[in-house]
Each structure stands twice: as structure tokens, then as C-alpha cells.
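>>> Take this sequence and fold it.
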Amino acid sequence: MTRSLQRHLSLTLGGAILLAALVAALASFVLAYAEAKEFQDDMLRQIAVLNGKASMESVPAQGAEGAGDTPIADPESRILILHLPKTRQPEWLSDDLPPGFHTLNARGEQLRVFIHAAGAGRRTVVAQPTDARDEIAINSALRTLIPLLLLLPVLAWLIVRIVRREFAPIARLSRSLDEQAADRPRPIADDSLPDEIAPFVQAINRLLERVNQLMVQQRRFIADAAHELRSPLTALSVQAQNLRQAVSLEVMQSRVVPLQEGIERARQLTEQLLSMARTQAGTPAESVVDVSGLARELLADYLPMAEAKGIDLGLEENARFSLSASTESLRLILGNAVSNALKYSPAGTEVTIRLLTEDEIAVVEVVDNGPGIAAAERERVFDAFYRLPGTAGTGSGLGLSIAREAAFRLGGNVSLSERRDRPGLVFRYRQRRHE
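Down below sits the predicted model:
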């Protein structure tokens, strides 16, 4: 389910403004209604006062009922004026009513009445039906709402326009990204961007920079892999041609041996390339690995190789622990270290797998008696296809690079250091122990 931030912001702002407008409209209506009622009361008071003065100067009114009633010309106001005692007093008007405002019931109709004492027993009464007053007050109050109601659509249009304009930089950024070439991503210009978007764009630029670096490394790796594969394949082609030119069975058998060795080197290189690709593709499913059991399995796997070279391969278990890791990746890391130690250690020496802990960190070391590696070269040997100058053997220079990549995927790290007690090298893998 997608969620539009622009639509959500527009609806939120529109709803907030609509709610505020409704509250303002209600308050305006109530205030205008109350003010209209007060205005009508003032109008009744003023009519009573003015008519009271005028009645004192006028001729006495006829005695018939209603003869002295003086209605206002405006039929909507429905105002009735009585001059007492000149006019017969209606039934709904009591003699004991004090001067001022009163609300009376006259034959089922509510009247708003103002009584003005003019002196000498004379009184002026001004009456108006409450339903007429309410109608006038409501109409007056409703007129105050008209500007606000007309303004609401304008406000809604302005909100949509403003939000759309403020989100326009994001749309331009997306178009800029879509127009870039997939193999050559470029940083996005972060000028003239809102402060809230700039950090996000800067993070994308940093990501693009890392992607560019990774692509450069992949291109270099592919070029190096092609170069490394070309050499053994060329040698195999030459050896196959030599095999076809063999004139006797003895010559053919002698030429088959280097052909088999070349095939084995190509197979090992292909397996390492596949291991590197699988490691870079992602971390396999993790589980709880008993490192002591894994170390014993490695001893059994590499014991024939150690016996063939006359090397004493052993296990020094100072602590037992488990790691949250992929068994395949952990075997790849430690197996590569044991293989290198056996390959470069002279006959009659020792290679030891050592298990120990440092607080919450588990450490697996592979210690050999080989020639070691100079301090200046200990980081470079982790680069893909890098081999130490003058190193004998048929390695491809991928093993340590694969080990470091796998260790990084597992949250651990690998390092190389020299032995303190004698010549040799220590391969060390460190990772937080499983609780």
C-alpha cells in the first residue's frame, strides 16, 4: 500500500484549516447572533424612549382597543407600540411589570417587551415577537459567514498549489536520477534544496560514491580474473597440442602429467572465483556453529595434506565457544588459513589451530612456522589476485581476499601478525561470541 506524502500533507493542512474555519465560523455566528439580539433590544429601548416623548406632546388617543397602537411600517420587524393609559391595556400585559425588558406569552406567541416609564403614570410599551427577532438575528449572523465560506475553496486551492510547489524539487531529483546511466551514476546537485531534503540527497550521493567505488573494484576484479584465467587456459591449449604431437606412449604419458596439473590449477581458480562471487552476493543463512567441532573437522580434512608434507597439524583448545555464523562461510575462512599455513610451512614444522577468548570476543588463530609476511605486505595480501613477489607455488592470490570478504559479512574481521616466539605467521579471526 503506497502512501503519498504530498496528498497526506495537503489533506492534513486542508483538514486543519477546515476545522479552524468551522470553529471560527461557529464563534462568529454565535457572536453575531448575540450582537444582533443586543442590537434589537437597543432598538426597542430607543423606540420606546422616542415614542414616550412624542406621546406627551400628542393629542390623546381614542379609547377603542388598538386605536393607539402604532405599528412600524417594516412588516418584517413586526413592532407594536402601546401608550398607556391612552391605549387599552392588553391581557398579556400586567400592571405590576416594572420598567425594562420582559419576555411574555401573548395568546401562544412569545413577545419581547420593553416598558418605559414616561412619568405621571404614563408608560410606553414596545413589543416584538421573538420568532421575528430570531429570524432577523439568524439572517444577520449568516451574512457574516458568507466571506468565510467563499474563502474556503480559495484556501484549499492555495494549499494544493503551495504543497505541490514545495515538493517540486523531489520530482526534479527523481527525474535526474532516472536520466543517469546505470553504469556511471553521478552525484546529485544539492544546491537550492530545502534543508529537510538536503541531508537525504547527501546520503544518496555518498551511496552513489560507494557504488562507483564498488563498480571500479568489480571491473578491476573482472579484468584480473580474465587475466588469471587466460594464463592456465593458454597453458592447457599448448599442452593439449603437445599431447597430440606425441610419437609414443611414453612421451604421451609424460605430457599428460603437466596437462593434469594445469587442469587442476584451472579448477582451483574457478572454484575460488565462484566462492568470491557467492561471498559477495550475500551472507548465507546463519546458525549457531560449534567452533570446536568445526576445528576438528578441519583437522580431519587437512590431515592428509599435512602428513604428505611431514607437518604436525594440531589443535590447541584454550576455550570452547560457539559463533552465530554461516557454517559454510566460517569453514571457508578457517580452511583457507589452514591451507595457506600448510602450503608455505616447511617440512618437519608445526601448524596449530588455536581457540581462545578475549572478554566477549572469540578468537580463532592458525599459527605456522613458515617464512611469514613482511609488515608492509600484510594488508596488500588481502587484495584480490595479489601475490608476494618471489613467492613459489601456483596460488591465484584470491584466498585471503575471499576470507576477508566472508569475515566482513559475518560481522568479524581477519588479520595477520608475526609470531613472537619463533619465525612464522599468525592468522587471526575475531568475532563476538554467541550468548
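>>> Which secondary structure state is assigned to Thr87?
Classification of Thr87 using DSSP: H, G, I helix; E, B strand; the rest coil returns coil.
>>> Tell me the pLDDT of it.
Here, the pLDDT recorded for Thr87 equals 76.
>>> pLDDT (mean, whole number) over the helix ranked longest in the chain?
Determined from DSSP state H, the single longest helix within the chain is helix 5-57. Averaged across helix 5-57, pLDDT comes to 81.
>>> Next: stretch 203-213.
Taken as a whole, stretch 203-213 has a mean pLDDT of 83.
>>> which strands and helices sit next to the longest helix of the chain?
strand 80-84, strand 109-119, strand 122-129, helix 130-166 (3 or more Cβ pairs under 8 Å, 6 or more residues apart in numbering; DSSP states H and E). Just so you know, the C-beta spots here come from the backbone N, C-alpha and C atoms, and that holds for glycine as well.
>>> Please repeat the previous calculation with a cut-off of 10 Å.
Here helix 5-57 touches strand 80-84, strand 100-106, strand 109-119, strand 122-129, helix 130-166, helix 168-178, going by 3 or more Cβ pairs under 10 Å, 6 or more residues apart in numbering; DSSP states H and E.
>>> Just want the angle from that helix to strand 100-106.
90 degrees (axes from the mean of the first three to the mean of the last three Cα atoms, to 10 degrees).
>>> roughly how far is helix 5-57 from the heart of the chain?
Averaged C-alpha coordinates place helix 5-57 at 47 Å from its chain's average position (Cα atoms, centre = their mean, to the nearest Å).
>>> how much does it deviate in direction from strand 80-84?
Going by the same axes, to 10 degrees, helix 5-57 makes 30 degrees with strand 80-84.
>>> Low-confidence stretches in the stretch 201-350 of the chain?
Within the stretch 201-350 of the chain, the segments meeting pLDDT under 70 span 217-218, 221, 223-225, 227-229, 231-232, 268-269, 272, 275-285.
>>> Now stretch 155-164: average pLDDT?
84.
>>> Flag every buried residue along it.
Neighbour counts over stretch 155-164 (16 or more other Cβ atoms under 10 Å) mark Leu155, Ile159, Val163 as buried.
>>> Please apply the same query to stretch 8-23.
Of the residues in stretch 8-23, Ser10, Leu13, Gly14, Ile17, Ala21 count as buried by neighbour count, 16+ other Cβ under 10 Å.
>>> what's the answer for stretch 310-320, then?
By 16+ other Cβ under 10 Å, the buried positions in stretch 310-320 come out as Ile311, Leu313.
>>> what distance separates the start and the end of that stretch?
End-to-end distance for stretch 310-320, by Cα to Cα, to the nearest Å: 28 Å.
>>> what sits up against it?
With Cβ atoms under 10 Å, 6 or more residues apart in numbering as the test, stretch 310-320 has contacts from 290-293, 295-296, 298-300, 302-307, 338, 341-342, 345-358, 362-363, 365, 367-369, 433.
>>> Over to stretch 184-200?
With Cβ under 10 Å, 6+ apart as the criterion, stretch 184-200 contacts 166-167, 169-170, 172-173, 176-177, 179-180, 201-202, 204-209, 211-212, 215.
>>> Quick check: end-to-end length of that stretch?
Using Cα to Cα, the end-to-end distance of stretch 184-200 comes out at 20 Å.
>>> Could you give the number of residues near Pro147?
Other residues near Pro147 number 9, with proximity taken as other Cβ atoms under 10 Å.
>>> Could I get the pLDDT score of it?
82.
>>> tell me the contacts of it?
Pro147 makes contacts with Ser28, as judged by Cβ under 10 Å, 6+ apart.
>>> Can you flag the buried ones in the contacts of stretch 184-200?
With burial judged by 16+ other Cβ under 10 Å, the buried subset of the contacts of stretch 184-200 is Phe167, Ile170, Leu173, Val201, Ile204, Asn205, Leu208.
>>> Kindly reformat these as TSV containing distance to Leu97.
Formatted as TSV, these follow (distance: Cβ to Cβ, whole Å):
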residue	distance to Leu97
Phe167	68
Ile170	73
Leu173	79
Val201	80
Ile204	83
Asn205	86
Leu208	89
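>>> now Ala407, what's its secondary structure?
helix.
>>> Past the strand or helix carrying Gly262, which element shows up next along the chain?
Secondary structure from DSSP states H and E places Gly262 in helix 249-281. Moving toward the C-terminus from helix 249-281, the next helix or strand (DSSP H and E) is strand 287-290.
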